[in-house]
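Visitor: what's the 3D shape of this:
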Amino acid sequence: MSKLESENGVRLNRRQALLSATAGVAALAGIGCSSGGGDKAARRGSAGSCSTPRWAVANTQYGKVRGYVEDGVLTFKGVPYGADTGGENRWLPAKPPAPWTDEHPALTYGPNCPQRLHDWSSSEQTFLQQWTDGWQSEDMLKVNIWTPSLTGKRPVMFYIHGGGFTFGSAYELASQDGAQLARHHDVVSVTVNHRLNHLGFLDVSSIGGPAYADSVNVGMTDLVAALRWVRDNIANFGGDPNSVMIYGQSGGGSKVTTLLGMPSAEGLFHRASAQSGGGGNPPGAEESREYAKRVLAELGVKNIAALQKMEWAKLNAAANAVAAKMNPPMGTGGPVPAPGTAKPRVGNGPTVDGRIITMRSFYDVAPEMSKNVPILFGSVSEEGNSMRSRPTEAEWLATLTKLYGEAKAKA
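Guide: Prediction:
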């Protein structure tokens, strides 16, 4: 028995020892950690306080999750809403996570979908936005929750990250932390990770069979699974499952407008907002099947098991090479082409398969199913900036003139 144990007259188990060590480290760092005194204490948190009290535990349908309280906000990070999508689960619809019996430590963010990392060439932008790539794994079906209290019925704000449908995460930017929303606006804030790029949007049904019929859109059905998790569990975090707002920026805006037209998502949210994105022009099923056929040929793969074992980087390189040959050149900005005049781009993104996704929402037409959902459309100040290329004032004006004409460029 250690000196600490003998002085306290109790033998600590490993979990108790870890919690004691965590409190000690936080105290040394100048963060006041305490055991807390109940849910109401979350709202009374003092500036700079952080604790892992015994009452910071919420129930989910799969088991209890243990969070922490920081400056009066209860925080739960990396809460599973689906099982690991790697290995034999690649390209299958999200499966429920295995239930757990002990308290799940929801203290840190979960992994991000495998993706190409940033090159960090724009240090100013990285500094201003506090960008982080986090860590990567195919076990990425997690949500993060911030709430003022585990009781009550607050509106729920469900944030969907940007990055097209190719990269990004729920915590790449400091501004995606939901604590301030919960603290100052009395809402429950939720962010989500899901499958992206070729892990989320590749039709492998030709070699996988009927079980993989939805493989071309699992990146979007993951979001539906997360919204179902919110519907079934958010009341245990002080949220109202009948008052859910989905919102996203850039590619997240496109995910919002796609969800607004997805039959499986109907009724899972009640308000929506798309900022600097939305209304995309996804390909049809036939185009995506042809794309997948060429990707498989490029890889020389003829069975699903081999493809599920393949390293992501190899799959990504081959798929990008095929997409580059099939897709028209990328635009450089400016007015959006009229509907029906632009060729859809195959690759990283959803497909109008006629079943999971039945329309090009807000590109061809506004979806009838969401006509009673209040929607905000807008933009963010830094969307599409050119800080990365460090243009001079003259170069920036010349680019704007080419895209919009001299009068609008000067304005």
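
Visitor: need the longest strand for this structure.
Guide: Secondary structure assigned by DSSP state E gives strand 239-249 as the longest strand of the chain.

Visitor: Can you give the strand pairings for that strand, parallel or anti for each?
Guide: As defined by DSSP bridges, the strand partners of strand 239-249 come to strand 154-160 (parallel), strand 271-275 (parallel).

Visitor: Relative to T132, which of these is closest?
Guide: T132 lies closest to strand 154-160 among the strands paired with strand 239-249, at 16.2 Å (C-beta to C-beta). To be clear about C-beta, it is placed using only N, CA and C from the backbone, and glycine gets the same treatment.

Visitor: what separates L196 from K95, distance-wise?
Guide: Here L196 is placed at a distance of 18 Å from K95 (C-beta to C-beta, to the nearest Å).

Visitor: neighbour count winner among these two?
Guide: Between L196 and K95, counted using other C-beta atoms under 10 Å, L196 has the larger neighbour count: 26 against 13.

Visitor: Do I have it right that that one meets G168?
Guide: Yes. Under the criterion of C-beta atoms under 8 Å, L196 makes contact with G168 at 7.2 Å.

Visitor: Give the residues shared as contacts by these two.
Guide: Residues touching both L196 and G168 by C-beta atoms under 8 Å, 6 or more residues apart in numbering: Q115.

Visitor: that older thread, is it possible to get JSON lines of the strands paired with strand 239-249 that adds mean neighbour count?
Guide: Supplementary listing: the strands paired with strand 239-249 in JSON lines, determined by neighbours: other C-beta atoms under 10 Å:
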{"stretch": "strand 154-160", "mean neighbour count": "24"}
{"stretch": "strand 271-275", "mean neighbour count": "21"}
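
Visitor: Do a quick rundown of the strands in the stretch 51-200 of the chain.
Guide: Assigned strands in the stretch 51-200 of the chain, in chain order: 57-60, 63-66, 68-70, 73-80, 104-105, 142-147, 154-160, 188-192 (criterion: DSSP state E, counting those that start in this stretch).

Visitor: Would you mind pulling the contact partners of the longest one?
Guide: Translated: strand 73-80. Identification of contacts with strand 73-80 by C-beta under 8 Å, 6+ apart yields 39, 42, 45, 56, 58, 60, 62, 65, 67-69, 97, 104, 106-110, 141-150, 179, 182-183, 237.

Visitor: Residues in contact with stretch 81-93: which ones?
Guide: The list of residues contacting stretch 81-93 from outside it, by C-beta under 8 Å, 6+ apart, reads 94-98, 137-143, 192, 195, 199, 202, 204, 208, 211-212, 214-215, 218, 221-222, 225-226, 229, 304-305, 307-309.

Visitor: Which residue ranges of the stretch 101-250 of the chain form helices?
Guide: If DSSP state H, counting those that start in this stretch is used as the criterion, the helices of the stretch 101-250 of the chain fall at 123-129, 179-185, 197-200, 205-208, 218-233.

Visitor: wait, which of the ones you listed is closest to R355?
Guide: Each of these was checked against R355 via C-beta to C-beta, and the shortest separation belongs to helix 218-233, namely 10.8 Å.

Visitor: Mind giving me the packing neighbours of the closest one?
Guide: Packed against helix 218-233 by the contact rule (3 or more C-beta pairs under 8 Å, 6 or more residues apart in numbering; DSSP states H and E) you find strand 57-60, strand 142-147, strand 154-160, strand 188-192, helix 197-200, strand 239-249, helix 251-259.

Visitor: Pipe these into a markdown table and attach mean pLDDT per row.
Guide: A markdown table is the format used below for the helices and strands packed on helix 218-233 (pLDDT from 0 to 100):
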| stretch | mean pLDDT |
| --- | --- |
| strand 57-60 | 98 |
| strand 142-147 | 98 |
| strand 154-160 | 98 |
| strand 188-192 | 98 |
| helix 197-200 | 96 |
| strand 239-249 | 97 |
| helix 251-259 | 96 |
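
Visitor: picking up where we left off before, export the strands of the stretch 51-200 of the chain as CSV, with columns for distance to L400.
Guide: Below are these laid out as CSV (distance: least, C-beta to C-beta, whole Å):
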stretch, distance to L400
strand 57-60, 49
strand 63-66, 49
strand 68-70, 43
strand 73-80, 41
strand 104-105, 50
strand 142-147, 38
strand 154-160, 30
strand 188-192, 34
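
Visitor: and of those strands, who's closest to S379?
Guide: Closest to S379 of the strands of the stretch 51-200 of the chain is strand 154-160 (C-beta to C-beta; 16.2 Å).

Visitor: Output the below-cut-off pLDDT ranges for the stretch 251-400 of the chain.
Guide: Judged by pLDDT under 70, the stretch 251-400 of the chain has its weakly predicted residues at 330-341, 382-388.

Visitor: mind listing what F167 touches?
Guide: F167 sits in contact with 115-116, 196-197, where contact means C-beta under 8 Å, 6+ apart.

Visitor: circling back: out of the strands paired with strand 239-249, flag the one nearest A323.
Guide: Using C-beta to C-beta as the measure, strand 154-160 is the one of those that comes nearest A323, at 23.1 Å.

Visitor: quick one: that closest one to helix 251-259, angle?
Guide: Relative orientation of strand 154-160 versus helix 251-259 (axes from the mean of the first three to the mean of the last three C-alpha atoms, to 10 degrees): 110 degrees.

Visitor: Thanks again, I'm all set now.
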